[in-house]
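> Sharing a model prediction with you, sequence too.
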Amino acid sequence: MSKITKGIVLSAEAVSEYLTKLNAVKTPALSPISGSFPQVERWSIQQKNSSTGENSEYLSASYKFKSFKKAWKFLNYVADSAHTLRHHPTIITTYNKVDLEITTHDVGNKLTIKDFELAESVNTAFNKAQEPEKP
Ligand SMILES: C[C@H](O)[C@H](O)[C@H]1CNC2=NC(N)=NC(=O)C2=N1
C-alpha cells in the first residue's frame, strides 16, 4: 500500500511553473557588468572591435610552467573548474605556456561575474599545479 496518505495533487501546469521559478532562483540571468570591473591578479581586460561594429570584451592571462607536464596538470585543474562553474575558457597551449581568454558568449561576448569567478579559480588551479607531486 502507498505510504502517501495525504497530499496535494498539482496540475502539470503548476508543476512546470514551479520548476521554472525554481530554476530562475538557482541560475539568475547573467548580465554584462556595467561600471567598474573587479580586479583579478594576472588577468587583464581586453576589448575587440570587429569590422561589423560588434564590441566584445574578454579577460586574458598567460601562465608559464617549468615543464610540459606541469602545464597539463594545470589544464586538468582548469577543466575541472570550467566544468563545475559551467563556464569555459578559450585555451591556447604551446609546450610549457598556456594562454587563456574568458568572455561570456551567452550575452554576446561581454564580461559578466562568471568570467571573474572563473579567472579566480584558474589562479587557484595555477597554485595547485605548482605543488610537488605526492608520492
Ligand atoms: C548552457 C551553458 O551553461 C552555457 O551555454 C554556458 C556554457 N559555457 C560558457 N562558457 C563561456 N565562456 N561563456 C558562456 O556564455 C558559456 N555558456
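Happy to help now that I have it.
> make it CA atoms for all contacts and neighbour counts henceforth
Will do.
> Can you name the residues of this structure that neighbour the ligand?
86-89, 102-106 (Cα under 6 Å from any ligand atom).
> And these, which of them are buried?
With neighbours counted using 16 or more other Cα atoms under 10 Å, the residues of the chain next to the ligand contain these buried positions: 87-89, 102-104.
> Give me the subset of the residues you listed lying in strands.
Among these, the members falling in strands are residue 102 (criterion: DSSP state E).
> Dump the buried ones among the residues of the chain next to the ligand into TSV; add pLDDT and distance to residue 135 as well.
Rendered in TSV, the data for those read as follows (pLDDT from 0 to 100; distance: Cα to Cα, whole Å):
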residue	pLDDT	distance to residue 135
87	97	32
88	98	31
89	98	31
102	98	34
103	98	38
104	97	39
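> for the buried ones among the residues of the chain next to the ligand, which one is nearest residue 70?
Distance to residue 70, by Cα to Cα, is smallest for residue 89 among those, at 18.7 Å.
> State which strand of this structure is the longest.
Longest strand in the chain by number of residues, with DSSP E as the criterion: strand 55-64.
> Which elements pack onto that strand?
Counting contacts by 3 or more Cα pairs under 8 Å, 6 or more residues apart in numbering; DSSP states H and E, strand 55-64 packs against strand 44-49, strand 97-102, helix 113-130.
> what comes up buried for that strand?
Neighbour-count burial for strand 55-64, counted by 16+ other Cα under 10 Å, picks out 56-61, 63-64.
> quick one: residue 66 is in a helix?
No: going by DSSP: H, G, I helix; E, B strand; the rest coil, the assignment for residue 66 is coil, not a helix.
> Just the pLDDT for it.
Residue 66 is assigned 95 on the pLDDT scale.
> What of residue 1?
Per-residue confidence (pLDDT) for residue 1: 55.
> Geometrically speaking, which residue is the centre of this protein?
In the chain, the centroid-proximal residue (Cα atoms, centre = their mean) is residue 87; its distance is 2.9 Å.
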